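Undergrad: Provided below for reference: sequence and predicted model.
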Amino acid sequence: MESGRLRLEDVLADAEAAAPVESLDVVARNLRERFAAQYASFLFVDVVGRKVVRVSEKAETQQGRRADQIPLVGSVYEQALRTQDLVLAPDGGAGQRVVAPVTNRGDTIGVLELFLPDPTPEALAQVKEAAHALAYILVADRRFTDLYHWGQRTTPVSLAAEIQHQLLPSAPSCEAPEFTLAATLVPAQSVGGDTYDYTLDRETLHLSITDAMGHDVDSALMATLLVNASRGARRA
């Protein structure tokens with residue numbers, strides 16, 4: 001079933017050689033061919049944290065197209081993210097569905113899902129490694145395309161909320177030997193003046209919470225001024 005040991009450097013090299021919008025397809029195709037998987041797809045955790053959004057090979061982003069949205073609570077995807085480990089689930093036939101968490105320093109980006117006809121221990125270990133590599137690929141590539149932002153949207157976002165989300169740290173969670181930090185912004189689709197920020201230097205974890213009164217663009221602009229003033233003073 002396997003065509004040799006999975007080499008993470010090969011996966012990273014293939015993803016880097018592709019356009020940022022195609023790196024998910026490259027990794028999925030690599031895994032399908034290597035393990036004779038029936039399918040391989042990636043699911044984002046949505047911006048609200050209540051659903052996962054499936055992005056399969058040849059993900060469509062044209063206006064009017066919608067990706068599959070699946071409730072997160074009580075699902076096999078929630079189990080994989082909560083335990084931070086592989087989850088195997090029957091799929092109604094020969095083989096098994098394998099779900100692997102895709103996280104980077106505690107930031108739960110999503111899950112990798114495959115259907116394997118014969119999930120050997122070695123194959124499962126390599127899937128786990130591939131999911132870990134995929135996290136680094138996504139962190140790097142989401143700077144260059146809106147595909148991943150689109151993948152996290154399950155509800156319309158107001159202009160004020162759009163401004164606020166650009167003020168947030170690029171990762172809502174961070175795990176380090178000295179601390180674990182997790183944050184979220186609710187409601188995600190209509191917030192106007194609330195935000196949070198953090199950064200780590202060698203001896204200090206800096207945290208801030210901003211509450212600009214209101215839920216409109218004016219409050220979002222006030223928060224923009226406050227957050228950037230704080231960041232400027234901190235960096236100076």
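TA: Cool, the structure landed.

Undergrad: List the buried residues of the least confident helix or strand in the chain by mean pLDDT.
TA: Using mean pLDDT, DSSP states H and E, the weakest-scoring helix or strand in the chain turns out to be helix 147-151, at a mean of 78. Neighbour-count burial for helix 147-151, counted by 16 or more other C-beta atoms under 10 Å, picks out 147-148, 151. The way it works is simple: take the backbone N, C-alpha and C, and place the C-beta from them, glycine included.

Undergrad: all helices of this protein, in order?
TA: 8-17, 23-35, 76-83, 121-141, 147-151, 159-167, 217-235 (DSSP state H).

Undergrad: For the closest residue to residue 49 other than its chain neighbours, give me phi and psi.
TA: The shortest distance from residue 49 to any non-neighbouring residue, by C-beta to C-beta, 6 or more residues apart in numbering, is to residue 184 (6.0 Å). According to degrees, to the nearest 10, the main-chain angles of residue 184 amount to phi -150, psi 160.

Undergrad: So residue 184 sits against residue 168, correct?
TA: No: using C-beta atoms under 8 Å as the test, residue 184 is too far from residue 168 to be in contact (9.7 Å).

Undergrad: Looking at these two, which has the bigger crowd around it?
TA: Ranked by neighbour count (other C-beta atoms under 10 Å), residue 184 and residue 168 place residue 168 first, with 16 against 12.

Undergrad: quick one: pLDDT of the residue nearest to residue 49?
TA: If you check residue 184, the pLDDT there is 83.

Undergrad: go on, the one 10 residues further on?
TA: Model confidence at residue 194, given as pLDDT, is 84.

Undergrad: Look up how far residue 227 lies from it.
TA: 11 Å (C-beta to C-beta, to the nearest Å).

Undergrad: again with residue 100
TA: Shown here: residue 100 relative to residue 227, a distance of 35 Å by C-beta to C-beta.

Undergrad: May I have the distance across stretch 167-174, first residue to last?
TA: 17 Å (C-alpha to C-alpha, to the nearest Å).

Undergrad: what is the mean pLDDT for that stretch?
TA: When pLDDT is averaged along stretch 167-174, the result is 89.

Undergrad: any weak-confidence spans in this protein?
TA: 1-6, 56-67, 92-94, 187-189, 192 (pLDDT under 70).

Undergrad: try 80
TA: The chain contains residues with pLDDT under 80 at 1-11, 47-48, 55-67, 90-95, 148-157, 186-193, 215.

Undergrad: domain assignment for it?
TA: Following automatic domain parsing, one gets these domains for the chain: 8-151, 159-235.

Undergrad: tell me, what's touching residue 184 and residue 168 both at once?
TA: Where contact means C-beta atoms under 8 Å, 6 or more residues apart in numbering, no residue is in contact with each of residue 184 and residue 168.

Undergrad: So the spatially most central residue of the chain versus residue 37, what's the distance?
TA: Centroid check for the chain by C-alpha atoms, centre = their mean gives residue 109 as the closest residue, at 1.9 Å. Relative to residue 37, residue 109 is positioned 20 Å away (C-beta to C-beta).

Undergrad: Kindly report the same for residue 28.
TA: From residue 28 over to residue 37 the distance is 9 Å, taken as C-beta to C-beta.
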